[in-house]
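Novice: Fold the following, please.
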Amino acid sequence: AEHRVKKIESMLWEGQPPALQVLSGLPWFSGMAEALLDSIASIGELRSYRMGDIIKEQGSKDGFMYVLVHGSCVVDRHGYGVVAKITAFGSSFGERGFTGHANR
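Specialist: Residues are numbered from 1 along each chain as shown. Okay, here's the model as predicted:
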């Protein structure tokens, strides 16, 4: 079963748009010079998560911004339960940590 899951993940990776195309469609990066956008895209990495995986712990300061390319995820706040479901291509979270403005 694990081998089948990895094969499906591999097929999904192949059909994904380039990072530059994904970033250029985000409001955070609209109007940014292509050279700068290309630099940001080059340091990003494509990751895959499975159902139930924790992408980011509440309150963690990892300095990353996460952009949904395929699938969906939920935001589960301690004491509140699920407060948001993220399903749209290009949706993002973690922007404040990425820009250095976490926990304002």
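Novice: And the pLDDT at A35?
Specialist: With respect to pLDDT, A35 scores 90.
Novice: Which strand or helix spans it?
Specialist: Assessed by DSSP states H and E, A35 sits inside helix 34-43.
Novice: Give me the contact list for that helix.
Specialist: By Cβ atoms under 8 Å, 6 or more residues apart in numbering, the list of residues contacting helix 34-43 from outside reads P18, A19, L20, V22, L23, S24, F29. For the C-beta atoms, the positions are set from N, CA and C on the backbone; glycine is no exception.
Novice: burial of the fifth one, as a residue count?
Specialist: A count of nearby residues for L23, using other Cβ atoms under 10 Å, gives 21.
Novice: quick one: K6 and G44, what's the gap?
Specialist: For K6, the distance to G44 equals 22 Å [Cβ to Cβ, to the nearest Å].
Novice: In terms of neighbours, single out the busier of these two.
Specialist: G44 (15 against 11).
Novice: For the chain, give me the ranges with low pLDDT.
Specialist: The model of the chain has pLDDT under 70 over residues 8-16, 97, 99-104.
Novice: quick one, strands of it?
Specialist: 66-67, 73-77, 81-86, 92-93 (DSSP state E).
Novice: how near is Y49 to L37?
Specialist: In this view, Y49 and L37 are 25 Å apart by Cβ to Cβ.
Novice: Looking at the two, which is more packed in?
Specialist: Neighbours were counted for Y49 and for L37 using other Cβ under 10 Å; L37 has more, 19 against 11.
Novice: Please tell me how far the more buried one sits from V74.
Specialist: 29 Å.
Novice: ditto for L46
Specialist: L46 sits at a distance of 20 Å from V74 (criterion: Cβ to Cβ).
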